[in-house]
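K.L.:
The following block contains a protein sequence and its predicted model.
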Amino acid sequence: MTKTMKVLPRDAERALLLGRVWLPGVGPAVIAVRQGKAIDVSQSHPLSALLLNEAEPAKALAAAAAKGRDLGPIAAIIDNSEEPRRDEAKPFLLAPVDLQAIKACGVTFAASLLERVIEERTKGDPRAADAIRNKLMGELGVDLAAIKPGSEPARKAKEMLLGRGLWSQYLEVGIGPDAEVFTKAQPMSALGHGARIGVHPASLWSNPEPEVVLVVDARGRLVGATLGNDVNLRDFEGRSALLLGRGKDNNGSCAIGPFIRLIDGSFGIEDVRKADLALEIAGTDGFRLEAGSSMSKISRDPLDLIAQTMGNTHQYPDGMVLFTGTMFAPTKDRDRPGEGFTHKPGDRVAISSEKLGTLANTVHHADRIAPWDFGVIALMRNLATRQLLPH
């Protein structure tokens with residue numbers, strides 16, 4: 001299988017894929033991927049949010065693709081999307097979302113739950129992580145993975161852990177009734193496949209977070225799914241949970257893509273629930289890390305996460321995308337024993353899932369990558385110039 005084909009889902013010929021590309025001299029275009037071609041559907045649907053809020057998005061995309069403009073092979077666009085070798089005079093991939101709110105749920109897997117507690121207890125110091133990890137695993141005395149959040153066993157476990165002085169704010173959202181939900185990034189700020197993603201230069205303990213991202217319309221319906229990298233600063237959040245926003249939302253700290261796979265006869269909620277993810281990190285220093293995770297091990301059902309994020313108390317009229325959390329929290333030592341993993345500039349991170357494709361990005365410092373300067377106002381001006389503003 002070629003590198004390009006690996007970016008597409010394994011069954012790409014059956015999949016209804018929605019994406020966005022940058023057309024030089026024109027601006028952003030919404031595309032469908034059909035029979036190996038990129039089809040511009042912007043004339044009928046200039047916003048991905050507009051198409052995804054149709055009554056039947058899958059049918060709307062198929063109909064728009066039938067009369068859209070052929071931009072040529074999607075392979076050429078994929079190949080031109082990777083920075084820094086990208087040719088800006090040719091089309092390249094953007095994140096497949098535009099006006100949607102970008103939300104995220106955290107602490108939804110037992111493995112990452114333990115790591116969040118470790119971050120809290122180390123106060124963000126990676127040198128102390130290994131010792132505290134071993135101590136906690138010996139002292140907890142309860143299998144967190146076996147506890148259903150919000151259940152009676154969860155309540156009893158909380159009482160026991162409180163009595164032993166082991167309770168944590170992360171355990172509260174990990175096994176308590178209420179999920180952690182936060183705003184990951186602003187609309188229009190997410191980067192797509194191939195872009196250079198950003199880690200805050202002051203961080204000494206950072207990692208990728210490979211996640212399935214749910215695509216939800218304004219009514220709260222699951223209409224598709226994609227992949228995401230919730231770039232994370234473990235030391236910032238470890239110092240204080242109130243630094244969550246600073247640790248999560250930086251220039252280039254959110255990647256989504258490569259495409260949104262729409263819910264249709266070939267892909268549904270059960271595929272989301274069973275999705276396996278593979279992660280590969282390759283550093284310019286020769287460091288390599290491979291890991292996997294599975295949505296089958298998530299502690300809260302994806303539809304429950306949607307219901308906890310959107311409903312009578314909180315609406316998103318343009319729809320939203322929702323990161324579902326990760327079980328991946330790397331502990332493999334990179335530099336010194338006991339300090340675990342942290343990113344370095346030049347790391348290439350690839351997140352893959354058979355039915356969603358591969359999202360790959362290269363890491364740099366957030367102040368060394370291109371600044372975010374094309375927001376909602378720029379988008380509206382661009383669409384107005386092209387006479388594509390929706391009526």
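P.N.:
The structure has been received and is ready for your questions.
K.L.:
Give me the contacts around stretch 38-45.
P.N.:
19, 21, 23, 29-33, 51, 60-61, 64-65, 67-74, 77, 91, 386, 388 (Cβ atoms under 8 Å, 6 or more residues apart in numbering). C-betas here are computed from N, CA, C, even on glycine.
K.L.:
Filter these down to the buried ones, ChimeraX style.
P.N.:
Typed into ChimeraX, the line below selects the buried ones among the contacts of stretch 38-45, using 16 or more other Cβ atoms under 10 Å:
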select :19,21,23,29,30,31,32,33,51,60,61,64,65,68,71,74,77,91,388
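K.L.:
Among the contacts of stretch 38-45, name the ones in helices.
P.N.:
Leu51, Ala60, Leu61, Ala64, Ala65, Ile74, Ile77 (DSSP state H).
K.L.:
can you pull out the strands in the stretch 51-200 of the chain?
P.N.:
Here the stretch 51-200 of the chain has its strands, by DSSP state E, counting those that start in this stretch, at 69-73, 92-94, 101-106, 180-185, 196-199.
K.L.:
Of the ones you listed, which is nearest Asp271?
P.N.:
strand 101-106 (19.0 Å; Cβ to Cβ).
K.L.:
Which strands border that closest one, and is each parallel or antiparallel?
P.N.:
strand 180-185 (antiparallel), strand 320-323 (parallel) (DSSP bridges).
K.L.:
thinking again about what came up before, return the closest of the ones in helices among the contacts of stretch 38-45 with respect to Val215.
P.N.:
Leu51 (10.8 Å).
K.L.:
is it true that the closest one touches Ala64?
P.N.:
Yes. Here Leu51 reaches Ala64: they are 7.1 Å apart, a contact under Cβ atoms under 8 Å.
K.L.:
So, low pLDDT: which residues of this protein?
P.N.:
1-5, 111-114, 116, 118-119, 124, 132-133, 135-142 (pLDDT under 70).
K.L.:
The residue most central in space within it pairs with what?
P.N.:
Geometric centre of the chain, nearest residue: Gly228, 2.1 Å, by Cα atoms, centre = their mean. In this entry, Gly228 is beta-bridged to Glu211, Ile256, by DSSP bridges.
K.L.:
quick one: it from Ser293, how far?
P.N.:
In this view, Gly228 and Ser293 are 13 Å apart by Cβ to Cβ, to the nearest Å.
K.L.:
what's the overlap in contacts for these two?
P.N.:
Pro210.
K.L.:
now the strands paired with strand 101-106 in CSV, with mean neighbour count?
P.N.:
Output for the strands paired with strand 101-106, formatted as CSV (neighbours: other Cβ atoms under 10 Å):
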stretch, mean neighbour count
strand 180-185, 20
strand 320-323, 28
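K.L.:
Redo those strands as a markdown table? Include distance to Lys103.
P.N.:
Formatted as a markdown table, the strands paired with strand 101-106 follow (distance: least, Cβ to Cβ, whole Å):
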| stretch | distance to Lys103 |
| --- | --- |
| strand 180-185 | 6 |
| strand 320-323 | 5 |
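K.L.:
Please identify which of these is closest to Gly252.
P.N.:
Closest among those, using Cβ to Cβ: strand 180-185, at 9.7 Å.
K.L.:
now that closest one: how far from the chain's centre is it?
P.N.:
What separates the centre of strand 180-185 from the centre of its chain is 11 Å, taken as Cα atoms, centre = their mean, to the nearest Å.
K.L.:
Repeat that for stretch 36-54.
P.N.:
With Cα atoms, centre = their mean, you get 21 Å for stretch 36-54.
K.L.:
That stretch: which residues count as buried?
P.N.:
37-42, 44-54.
K.L.:
Would you check how far apart the nearest residue to Glu88 once chain neighbours are set aside and Ala370 are?
P.N.:
What sits nearest to Glu88 in space, not counting adjacent residues and going by Cβ to Cβ, 6 or more residues apart in numbering, is Pro24, at 6.6 Å. Note on Pro24: its distance to Ala370, by Cβ to Cβ, is 15 Å.
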